[in-house]
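Trainee: quick one: sequence plus predicted model below, questions after.
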Amino acid sequence: MTRILGIETSCDETAAAVVDDGVHVRSNVVASQFDLHAKYGGVVPEIASRAHIERLDAVVREALSAAGCGRDEVEAVAVTCAPGLVGSLLIGVTGAKTLAWAWGKPLVGVHHIEAHALSPALGAEFPPWPAAALIASGGHTSLYHVRDPDQIELLGATTDDAAGEAFDKVATILGLPYPGGPQIDRLARQGDPKRYDFPRTWLGRDSLDFSFSGIKTAVMYEVHGHGRTSGGLERLSPQDLADLAASFQEAVVEVLVRKTLLAAERIGVRSVVTGGGVAANSRLRQAMQEACQSRGYAFRPAPMPYCIDNAAMIAAVGYYKLRRGELAGLDLDARPH
Ligand code: KG4
Ligand code: ZN
């Protein structure tokens, strides 16, 4: 059994987790900074870095104690080193280096999106690989061919906004608080998804790339009037807002589902997985489940706690990289892009 301590601080979540053999989660501690950034309508990098400094030590201690394990049982320390906010990444990387050095353990640098791609396997009874993986978060929307945890190939990605970014921006247009994804998810349950016909951007029939900037503009014009960016919100009833949220969500979900199934068909796999913050969306989970079922694909969404940013997925990638001998030195750097 190989036990890894994972550390994640790439954006606004300070997280640490202990995971055995890349699958069995012994502890998963996430200190969200959501309250610190909400009043600014988005993540403020300086505030995020400072909060990581203040919380990282306690979060790591809690992860170890919740797992009932001491430092001697940890085989390696894995940390997100890319991509993300550079100041935030540096806190995690520096903390992980310090622990690895002080404990005399190997250090592993992990790519955050690769970790989201493996997150559907956390806690799974059977590995879902090979699979087509849709990873949709606030910063990324990508399709991968995960042959196995050691072979991950990019198939397509967004050419402009990420899906989560579109959710957050449309939430702002609708006057909802940050982060907007969960707000739209909730509001859309009371809305009519067919009332507004928002554009689905396909980028060509066979494309596995995404574009979500057009739909954001379409929602803005629907709310404020064509070519306008303000002044229209007051005219809308609560039902209008719910219908706008539901129609927007339906358009995004339709694109995400159709392209993911296209990817699965193209690479010839029978399994579909989803990860990233947007994979927490209840309509996406339902629509992907239905589409997979009707075509005979197995569907494994990342369990809810592993959709949003967490360190269990970092420890999982850390396990496979340790096994491959891909270790980092104490010169490991944070790479924001
Ligand atoms: O993966 P994540 O926690 O952080 C990044 O790596 O970006 O994803 C955060 C994103 C935000 O844009 C948030 O609005 C979105 O995921 N999100 C959702 C839902 N929960 C979080 N989007 C749609 N529906 C949700 N239920
Ligand atoms: Zn993420």
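Mentor: In hand now; what should we look at? Predicted model, so just to flag it, every value in this text is computed and none were measured. Ligands and ions are numbered 1, 2, ... in the order given.

Trainee: show me which residues of the stretch 101-250 of the chain sit near ligand 1.
Mentor: 137-139, 164, 167-168, 179-182, 185 (C-beta under 6 Å from any ligand atom). Backbone N, C-alpha and C define where each C-beta goes, glycine included.

Trainee: now these in TSV, with secondary structure?
Mentor: Shown next, in TSV, are those (DSSP: H, G, I helix; E, B strand; the rest coil):
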residue	secondary structure
137	coil
138	coil
139	coil
164	helix
167	helix
168	helix
179	coil
180	helix
181	helix
182	helix
185	helix
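
Trainee: select from those the one having the most neighbours.
Mentor: Within those, most neighbours by other C-beta atoms under 10 Å means residue 167, with 30 neighbours.

Trainee: and that residue, what is it in contact with?
Mentor: Shown in contact with residue 167 (C-beta atoms under 8 Å, 6 or more residues apart in numbering): 180-181, 184, 249, 252, 278, 281.

Trainee: can you redo these as TSV with distance to ligand 2 and pLDDT?
Mentor: Converted to TSV, the contacts of residue 167 look like this (distance: C-beta to the ion, whole Å; pLDDT from 0 to 100):
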residue	distance to ligand 2	pLDDT
180	16	92
181	12	95
184	18	98
249	20	98
252	17	98
278	10	97
281	14	98
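
Trainee: out of the residues you listed, flag the one nearest to residue 111.
Mentor: When the contacts of residue 167 are compared for distance to residue 111 (C-beta to C-beta), residue 278 wins out at 18.7 Å.

Trainee: wouldn't the closest one be in contact with residue 137 here?
Mentor: Yes - between residue 278 and residue 137 there is a contact at 6.3 Å, judged by C-beta atoms under 8 Å.

Trainee: can you list residues touching both of these two?
Mentor: Shared contacts of residue 278 and residue 137 (C-beta under 8 Å, 6+ apart): 163-164.

Trainee: which two of the residues of the stretch 101-250 of the chain next to ligand 1 lie the greatest distance from each other?
Mentor: Using C-beta to C-beta, these span at most 18.6 Å, a distance reached by 139 and 185.

Trainee: any chance you could map the helices in the stretch 51-200 of the chain?
Mentor: 86-103, 112-118, 163-173, 180-188 (DSSP state H, counting those that start in this stretch).

Trainee: give me whichever of those helices is most buried.
Mentor: helix 112-118 (a mean of 27; mean count of other C-beta atoms under 10 Å).

Trainee: check which helices and strands it sits against.
Mentor: strand 76-82, strand 131-136, strand 141-148, strand 151-157, strand 271-275, helix 312-324 (3 or more C-beta pairs under 8 Å, 6 or more residues apart in numbering; DSSP states H and E).

Trainee: do any residues in it lie close to ligand 2?
Mentor: No - for helix 112-118, no contact with ligand 2 is found by C-beta under 5 Å from the ion; the gap never falls below 5.5 Å.

Trainee: over to the closest residue to residue 233 other than its chain neighbours: give its phi and psi.
Mentor: Among residues not flanking residue 233 along the chain, residue 175 sits closest, at 5.4 Å (C-beta to C-beta, 6 or more residues apart in numbering). The phi/psi pair for residue 175 (degrees, to the nearest 10) reads phi 80, psi 20.

Trainee: distance check, residue 175 against residue 13.
Mentor: Spatial separation of residue 175 from residue 13 under the definition C-beta to C-beta, to the nearest Å is 25 Å.

Trainee: tell me which of these two has more neighbours.
Mentor: residue 13 (22 against 12).

Trainee: beta partners for the more buried one?
Mentor: residue 32 (DSSP bridges).

Trainee: would you confirm that it contacts residue 313?
Mentor: No - using C-beta under 8 Å as the test, residue 13 is too far from residue 313 to be in contact (11.7 Å).

Trainee: does ligand 1 sit close to the lowest-mean-pLDDT helix or strand in the chain?
Mentor: When each helix and strand of the chain is scored by mean pLDDT, DSSP states H and E, helix 34-37 comes last, with a mean of 82. No - using C-beta under 6 Å from any ligand atom, no contact is recorded between helix 34-37 and ligand 1, whose separation bottoms out at 10.3 Å.

Trainee: list the buried residues in that helix.
Mentor: By neighbour count, with 16 or more other C-beta atoms under 10 Å as the criterion, the buried positions of helix 34-37 are residue 37.

Trainee: now the closest residue to ligand 2 within the stretch 101-250 of the chain: closest residue in space that isn't a chain neighbour?
Mentor: Distances between the stretch 101-250 of the chain and ligand 2 by C-beta to the ion are smallest at residue 137, namely 4.2 Å. Once flanking residues are discounted, residue 137 sits nearest to residue 276: 3.5 Å by C-beta to C-beta, 6+ apart.

Trainee: how near is that neighbour to residue 136?
Mentor: Per C-beta to C-beta, residue 276 is found 5 Å from residue 136.
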